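S.K.: this one's structure only:
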């Protein structure tokens, strides 16, 4: 069973619940029962934590908030993981407060397998933290590598550190220091990588701070969307193009589906002692359903357990 | 005349000089004469400043370095502007040392008109600085707006501040503080914007720190390249698709040309008392030629003069 937080989503609780219905996975929905008639497995939880509140304070002050109840359900074994499309800060705070951090983890990170063709790349942190400390970046590298190796069968994950140049001295102080530590460690470390290396097919993991990661992820999604629209417009500009467009339509559909952020739906919040999946605030029903499936796969593959057994040996060096 | 620095480019000085020949603009080439036989207007300047050196120190220690000579040529009126595809740090240091900052400018910024379809967006800083201070971000906003209004005829530039959420409290301390100052100022300020707003068609200027801007720009270029390749591969996978692909080829070519970073070639280094254009280290000859044309347009439109007259009245509030 996956605990589904129905509050805080841009398109309202019914849209989230509809995603839950479509997922093909048993869910418990924590949300306002008054707005959710017709759905099974609803636990009335009308209290929400908004983006405007201080997450840590709100999680303590509102023990009945839907995200807090969802996190508790995971802690108490009533659910294998939780999914939310509300405030990332609230999800993180609820996770830290109720699920706790894994042994040795400074900060959890939002880890997203990017919608990039070819070799799948895991980018973290995509927004759990806005600040960046060298030791956090180092740990994101180990968490990302452990995840790709334990869950996705990558033999030895190749890890790059996002910066503004390949030279070890390029970047902010935090990046330069993280580069130094990672270079001395046992990871298959590619050193600093640049923005165009993300889609370059040579990496399994890209490490960055939560600010840059979040901006980057959203830009990537926005660019893919805009670009596919532009391709369509440009093609439709001439009659020949239109005919060509008809012929390539199946290919275009496959591509759009493969690159659509809705297809991956959500991101793991790695580093907690329980499974948490974050979805975009404006997630469609399809995206919510896919985020729930991602959580279910996480339970099935024991993402948390495997990361926990793999991480300590990895983080000794940190 | 544009001063062209032929050192420091990934593809060597001859490639840069060839770009200079193709630009259709008179250039003085500062580079190793021994490697540049057959080119006109070469001033022998074999000394280069590499990415591994401390830029400020190197600029002082090597007065004969090609980038330093190019900057001096601008200062002394022998050239209207300089173009370099060498180290950005060295270009910045040479600019600061010889051209000096404009009155009231804390830090120059690399400003790029993004290769995004639709409304052109100026993003700054794309890599002149790696650190971020609130007052720099605020000033980038005013410089960007002044540039778009003075040079590109935008009536009142709409400016967004890149962050991880729209709420004014979202983001790093620096971003939150810059948001507060900009909200109280006279700019048409859109507040915090997110990664997917960059290509959203609602902004004229996107402000961010040099680290995020550089990563973002390179990601954007990389994604566009990868995506267009993927479209081609996907289309070619079936016979029908291939036929369709033939029919849309002219449209695809137009699009590729429009979105190709080579087409814009370079970026202005705004905030100096002289015109400076930065091109990618791995620029093709076409990209170099376009960067030179960008510099020539900058001279023609008096980018520096117009920015200088417009900026003081703009920065009173900073």
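M.R.: Looks like it arrived, so ask away. Small disclaimer: the values here were computed from a predicted structure and weren't measured.
S.K.: Following the helix or strand of chain A with the lowest mean pLDDT in sequence, what is the next regular element?
M.R.: Within chain A, no helix or strand scores below helix A:261-264, which has a mean of 74 by mean pLDDT, DSSP states H and E. Remark: after helix A:261-264, the chain's next helix or strand is strand A:266-270, criterion DSSP states H and E.
S.K.: Tell me if that next one is near chain B.
M.R.: No - using CB under 8 Å from any CB of the partner chain, strand A:266-270 stays clear of chain B, coming no nearer than 13.7 Å. C-beta: built from backbone N, CA, C; applies to glycine.
S.K.: Quick one: name the residues of the stretch 1-150 of chain A near chain B.
M.R.: Counting by CB under 8 Å from any CB, the residues of the stretch 1-150 of chain A close to chain B are A:51, A:52, A:116, A:117, A:118, A:127, A:130, A:131.
S.K.: make it 10 Å
M.R.: Taking CB under 10 Å from any CB of the partner chain as the criterion, the stretch 1-150 of chain A approaches chain B at residues A:50-52, A:54, A:87-89, A:114, A:116-118, A:126-127, A:129-132.
S.K.: Got a quick ChimeraX command for the buried subset of those residues?
M.R.: Listed next is the ChimeraX selection for buried residues among those, using 16 or more other CB atoms under 10 Å in any protein chain shown:
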select /A:51,87,88,89,114,116,117,126,127,129,130,132
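S.K.: Check which helices and strands the least confident helix or strand of chain A sits against.
M.R.: Where contact means 3 or more CB pairs under 10 Å, 6 or more residues apart in numbering or on different chains; DSSP states H and E, helix A:261-264 is packed against strand A:109-113, helix A:210-236, strand A:275-279, helix A:285-300.
S.K.: Find the residue closest to the residue nearest the centre of chain A in space, skipping its chain neighbours.
M.R.: Nearest to the mean C-alpha position of chain A, by CA atoms, centre = their mean, lies residue A:267 at 1.9 Å. Leaving aside its sequence neighbours, residue A:267 sits nearest to residue A:112 (CB to CB, 6 or more residues apart in numbering or on different chains; 4.2 Å).
S.K.: wait, residue A:260 sits on residue A:280?
M.R.: No - contact criterion CB atoms under 10 Å: residue A:260 and residue A:280 do not qualify, at 12.0 Å.
S.K.: In terms of packing, which of those two has more residues around it?
M.R.: Shown here are residue A:260 and residue A:280; by other CB atoms under 10 Å in any protein chain shown, residue A:280 has more neighbours (22 against 19).
S.K.: my read: the more buried one touches residue A:262, true?
M.R.: Yes - taking CB under 10 Å as the definition, residue A:280 is a contact partner of residue A:262 at 9.0 Å.
S.K.: Show me whatever sits in contact with both of those two.
M.R.: Residues touching both residue A:280 and residue A:262 (CB atoms under 10 Å, 6 or more residues apart in numbering or on different chains) are A:221, A:287, A:288, A:291.
S.K.: need the strands for chain A, in chain order.
M.R.: A:2-5, A:27-31, A:42-44, A:81-84, A:109-113, A:122-124, A:158-162, A:188-193, A:205-207, A:266-270, A:275-279 (DSSP state E).
S.K.: wait, what's in contact with the residue of the stretch 1-150 of chain A found nearest chain B?
M.R.: Using CB to the nearest CB, the single residue of the stretch 1-150 of chain A nearest to chain B is residue A:117, 4.5 Å away. For residue A:117, the contacting residues are A:199, A:201, A:255, A:258, A:259, B:226, B:227, B:229, B:230, B:231, B:233, B:234, by CB under 10 Å, 6+ apart.
S.K.: Would you mind giving me the PyMOL syntax to select the buried ones in the residues you listed?
M.R.: The following PyMOL line selects those of the contacts of residue A:117 that are buried, judged by 16+ other CB under 10 Å:
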select buried, (chain A and resi 199+255+259) or (chain B and resi 226+227+230+231+234)
